[in-house]
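# got a predicted structure plus its sequence, pasted below:
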Amino acid sequence: MPDYGDQVRRRALLSCVVVAGVGAASLPAAAQPSGDTTVTFTVATANLTIEVPSSRNLGSGFPGQTISGQLGTVTVNDQRAAANATWTASVVSTQFDTGTDAPAEIILPNLVNYWSGQATSTTGTGTFVPGQPTRADRRSLETARTAFSKTSGSGNNTASWNPTLEITIPNDAVGGLYSGTVTHSVA
């Protein structure tokens, strides 16, 4: 005849071992050194992309002065391999401000001038046209402007340029760090 007391004792012992094992697994682990990495990527559309500098500091200036500087290389990469692969890159600016909307702490986009300059490099065939080849051709960025275009040619191609911004600081501007966004797009 089976000894049920022995079976109950074995089950109780087994339950204690299982509970002890579960309890040990739920204890917090010692803190490990760690670090975060911000990862970004672009989802390309129709194999036509544009790369721009992530940020640029143009230095400083006083009220009533004009500051200028190059943004860094902008590149259009057209891998559509189309028979008539044309594109137009556009540029526009937000206002520049200190983080508030006080009138003396805003520089409107009509005071932000842009010129593309000539291409710094191109690949592929076709006609690459700067939107504003020289400073005399500069345009304010309160509305979208053509920065660069490819008007003819076929096959894969790239074009790069290093545009210049020129910002007029209003006479009544308050001192501080001003920031804004210059957006390039291509279609």
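In hand now; what should we look at?
# now do the contacts for the residue most central in space within the chain.
The chain has Ser54 as the residue nearest its centroid, 5.2 Å off, counting by CA atoms, centre = their mean. By CB atoms under 8 Å, 6 or more residues apart in numbering, no residues touch Ser54. Any C-beta I mention is one placed from the backbone N, CA and C, and that applies to glycine too.
# list phi and psi for it.
Dihedral angles of Ser54 (phi, psi; degrees, to the nearest 10) stand at phi -80, psi -30.
# report pLDDT for it.
Listed pLDDT for Ser54 reads 93.
# from Gly72, how far off is it?
In this view, Ser54 and Gly72 are 9 Å apart by CB to CB, to the nearest Å.
# Leu71 versus the closest residue to Thr120 other than its chain neighbours, what's the distance?
Spatial nearest neighbour of Thr120, excluding adjacent residues (CB to CB, 6 or more residues apart in numbering): Ser160 at 4.9 Å. According to CB to CB, Ser160 and Leu71 sit 12 Å apart.
# so which of these two has more stuff around it?
Legend: neighbour count by other CB atoms under 10 Å for Ser160 and Leu71, higher for Leu71 (20 against 17).
# correct me, but the more buried one touches Pro53?
Yes. Under the criterion of CB atoms under 8 Å, Leu71 makes contact with Pro53 at 5.7 Å.
# circling back to that earlier point, what pairs with the residue nearest to Thr120 across the strands?
Beta bridges link Ser160 to Thr75, Ser121, judged by DSSP bridges.
# which ones are touching it?
By CB under 8 Å, 6+ apart, the neighbours of Ser160 are 73-76, 119-122.
# repeat that for 7 Å
The contact partners of Ser160, taken as CB atoms under 7 Å, 6 or more residues apart in numbering, are 73-75, 119-121.
# for stretch 173-187, which positions count as buried?
173, 178, 180, 182, 184, 186 (16 or more other CB atoms under 10 Å).
# understood, closing this out.
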